[in-house]
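**Student:** Give me a 3D structure for the following:
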Amino acid sequence: MRLLRDLGPIAVRKVFGTEIVTVGGADLVAELSDDTRFAKHVALPLRALRRIVGDALFTAENDEPNWQLAHDILAPAFTREAMRGYHPIMLEVARELLARWDAAAEHAQRVDVTADMTRLTMETIGRAGFGYRFASFERDRPHPFVTAMTRTLRYATFSAIPRLAPVRRVVAGSARQHRADVATMERIVDEVVQARRSGAAPDAADLLGLMLRTAHPETGRRLDPVNIRQQVITFMIAGHETTSGALSFALYYLTRDPQALARAQAEVDALWGKADDPEPAFSDIPKLRYVRAALDEALRLWPTAPGYLRAARSDTVLGGRYRMNQGDWVGVLLPLLHRDPLV
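**Tutor:** Numbering: from 1, shown residues only. Purely as a prediction, here's the structure:
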């Protein structure tokens with residue numbers, strides 16, 4: 001970010017022999033968001049991650065049919081009514097987090113906020129998305145899926161640049177360890193799917209239920225078992241890690257600003273601060289205007305998915321000055337975009 005501030009809203013650098021074009025200016029990012037000229041691009045760490053999750057939603061190429069198939073099948077899981085159904089589960093998991101923190105407070109013990117946010121989101125996506133309990137708050141150490149996933153993501157990141165192979169072994173383990181981590185993730189996801197198939201709620205309208213029983217309304221196609229496994233792993237990675245990071249940063253920034261923290265607390269207390277108040281209802285959530293603003297500002301200051309890639313659909317000129325050939329790609333650096341002085 002410091003380098004790009006000096007170089008300008010667009011910069012070209014070579015990192016270990018790989019040429020990387022990065023954009024941080026709002027006007028250029030607006031152009032890159034034009035889907036008629038630019039498209040999603042899968043490269044660098046995403047390419048390495050693709051070897052693990054294949055053509056799941058996050059890593060699918062634009063022309064691969066499984067992206068549209070999964071998108072259309074899973075869209076109902078993200079409606080307002082679906083969120084209303086997840087609300088009791090989220091309350092249940094939040095209570096487990098607070099019980100853990102209350103117990104720590106009684107013994108004057110510190111808590112690891114980021115680790116507990118990971119437990120919170122891991123348990124939430126497991127129960128709300130797949131009807132599966134990971135017992136995250138009953139463990140002193142991270143769930144084996146989290147341990148395997150963390151190493152796998154590190155391995156994928158360092159695999160994107162071959163010259164970093166020696167560093168990769170130090171920070172992410174050997175190739176044998178990587179294969180074992182992937183096998184662990186796949187085994188746990190297979191257990192989640194099997195638990196649903198043989199469980200008491202096989203027709204639940206969550207992510208896993210939709211994938212297992214829903215056919216595309218137009219083509220009649222279904223997701224195959226391998227792709228279902230890949231989609232579950234993708235949701236576990238993208239669905240819980242980014243959210244835990246967002247919550248951790250929001251809490252961090254609130255504790256750095258006593259006035260903002262007091263205002264957020266006052267808003268929550270106004271809704272649920274009395275001993276005889278009912279439990280938080282789904283309809284109460286939109287009333288948390290300042291809390292939502294604090295979350296949005298934390299995401300502006302430090303987005304937990306800090307960038308994405310866009311590729312030119314055809315030869316074009318970006319910003320009226322920068323020529324791009326078909327297939328050329330650029331990275332959008334969100335923390336820099338979010339600090340663009342022009343906006």
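
**Student:** where do the helices sit along the stretch 51-200 of the chain?
**Tutor:** For the stretch 51-200 of the chain, applying DSSP state H, counting those that start in this stretch gives helices covering 65-74, 80-106, 113-130, 144-159, 165-172, 175-198.

**Student:** Which elements pack onto the longest helix along the chain?
**Tutor:** What stands out as the longest helix in the chain, according to DSSP state H, is helix 225-255. When contacts are defined as 3 or more C-beta pairs under 8 Å, 6 or more residues apart in numbering; DSSP states H and E, helix 225-255 packs onto helix 45-53, helix 65-74, helix 113-130, helix 144-159, helix 175-198, helix 207-213, helix 258-272, helix 289-301. Using the backbone N, CA and C atoms, a C-beta is placed for each residue, glycine as well.

**Student:** three-state assignment of T304?
**Tutor:** In three-state terms, and counting by DSSP: H, G, I helix; E, B strand; the rest coil, T304 is coil.

**Student:** correct me, but it touches F249?
**Tutor:** Yes - counting by C-beta atoms under 8 Å, T304 touches F249, with 6.9 Å between them.

**Student:** Those two: which has the busier surroundings?
**Tutor:** Neighbour count, other C-beta atoms under 10 Å: between T304 and F249, F249 has more, with 20 against 16.

**Student:** so what's the more buried one up against?
**Tutor:** Contacts for F249 (C-beta atoms under 8 Å, 6 or more residues apart in numbering) come out as A298, L299, L301, W302, T304.

**Student:** Among those residues, list the two that are farthest apart in space.
**Tutor:** L301 and T304 (10.9 Å; C-beta to C-beta).

**Student:** Can you tell me, leaving aside adjacent residues, what's nearest to the residue sitting nearest the centre point of the chain?
**Tutor:** Central residue of the chain (C-alpha atoms, centre = their mean): A238, 3.1 Å from the mean position. In space, and not counting its chain neighbours, A238 is closest to F58: 5.5 Å by C-beta to C-beta, 6 or more residues apart in numbering.

**Student:** Check M90 too.
**Tutor:** Leaving aside its sequence neighbours, M90 sits nearest to T124 (C-beta to C-beta, 6+ apart; 5.8 Å).

**Student:** what residues are up against that neighbour?
**Tutor:** The neighbourhood of T124, defined by C-beta under 8 Å, 6+ apart, consists of Y86, I89, M90, V93, H240, T243.

**Student:** Likewise for V53?
**Tutor:** Residues near V53 by C-beta under 8 Å, 6+ apart: T59, Q230, Q231, I233, T234, I237.

**Student:** Excluding sequence neighbours, find me the nearest residue to it.
**Tutor:** That would be Q230: by C-beta to C-beta, 6+ apart, it lies 4.4 Å from V53.

**Student:** give me every residue that touches the one you found.
**Tutor:** Going by C-beta under 8 Å, 6+ apart, Q230 touches V53, G54, D55, A56.

**Student:** Just put the residues you listed in TSV and tack on distance to M211 and pLDDT.
**Tutor:** As requested, those are exported to TSV (distance: C-beta to C-beta, whole Å; pLDDT from 0 to 100):
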residue	distance to M211	pLDDT
V53	14	90
G54	14	89
D55	14	91
A56	11	91
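
**Student:** Farthest-apart pair in those residues, please.
**Tutor:** So, the contacts of Q230 by C-beta to C-beta: farthest apart are V53 and D55, at 8.2 Å.

**Student:** what's the distance between A264 and A156?
**Tutor:** Between A264 and A156 the distance is 36 Å, computed by C-beta to C-beta, to the nearest Å.

**Student:** Then H178?
**Tutor:** Distance, H178 to A156, by C-beta to C-beta: 9 Å.

**Student:** hang on, the earlier thing: now the contacts of T124: which count as buried?
**Tutor:** When the contacts of T124 are checked for burial by 16 or more other C-beta atoms under 10 Å, the buried set is Y86, I89, M90, V93, H240, T243.

**Student:** Please identify which of these is nearest to L49.
**Tutor:** Using C-beta to C-beta, those come closest to L49 at H240, 15.4 Å.
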